[in-house]
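> Predicted model and sequence follow; I will ask about them next.
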Amino acid sequence: MAEYRGERMRAVVEAVELSPVAAKDVRPLTGNEAIARGAWEAGVKVAAAYPDTPSTEILETLGTLLQLGSERVTNIVALGGLVALSGICDQKRIEQAVRADAPRGFLDLNMDA
């Protein structure tokens, strides 16, 4: 037995199960990746950030987890979130802008966003 600050301590042997996932397939997350993963697991559906800042990686990772697709669709989702939360402009005007700017063949995808 060892002593630490006047208290007797003993080692405890615990059984540890090895993960079925090979070690080469596992890597630690960065802090930003962990924040994004936590947000995703908490159910976050819309998020936005200023580009080229230390927090940019959070949104890039979250975008991958949410599978938003192209940057255009991501921007439309962010704009829709802003409109829904703030009421800053009418949804009809946003729909008109999306219809006017969406590339051919992608109107439905952009309108769904």
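Thanks, I have it. Worth saying up front: this structure is predicted, and the values here are computed from it rather than measured.
> use CA for all of it now, contacts and neighbours both
Fine.
> So what touches the helix or strand encompassing M111?
Secondary structure from DSSP states H and E places M111 in helix 107-112. Outside helix 107-112, the residues within contact range by C-alpha atoms under 8 Å, 6 or more residues apart in numbering are 73, 76, 95, 98-99, 102.
> tell me what the helix ranked longest in the chain is packed against?
Identified as the longest helix of the chain according to DSSP state H is helix 71-86. In terms of contacts (3 or more C-alpha pairs under 8 Å, 6 or more residues apart in numbering; DSSP states H and E), helix 71-86 is packed against helix 91-101, helix 107-112.
> buried ones in the longest one?
Of the residues in helix 91-101, those with enough neighbours to count as buried (16 or more other C-alpha atoms under 10 Å) are 94, 98-99.
> Could you export these as CSV, including pLDDT?
Output for the buried residues of helix 91-101, formatted as CSV (pLDDT from 0 to 100):
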residue, pLDDT
I94, 79
V98, 78
R99, 80
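> Worst mean pLDDT across the helices and strands of the protein, which element?
strand 2-4 (a mean of 63; mean pLDDT, DSSP states H and E).
> before we move on, the earlier item: nearest to I88 among the buried residues of helix 91-101?
I94 (10.6 Å; C-alpha to C-alpha).
> Disregarding flanking residues, what is the spatial nearest neighbour of the closest one?
In space, and not counting its chain neighbours, I94 is closest to G80: 7.9 Å by C-alpha to C-alpha, 6 or more residues apart in numbering.
> residue ranges with poor pLDDT in this structure?
Filtered on pLDDT under 70, the chain yields the residue ranges 1-5, 9-26, 67-70, 110, 113.
> E57: neighbour count?
19 (other C-alpha atoms under 10 Å).
> from the chain's centre, how far out does stretch 76-83 sit?
16 Å (C-alpha atoms, centre = their mean, to the nearest Å).
> just use 239 as the starting number from now, easier for me
OK, 239 is where the count begins now, so the last one is stretch 314-321.
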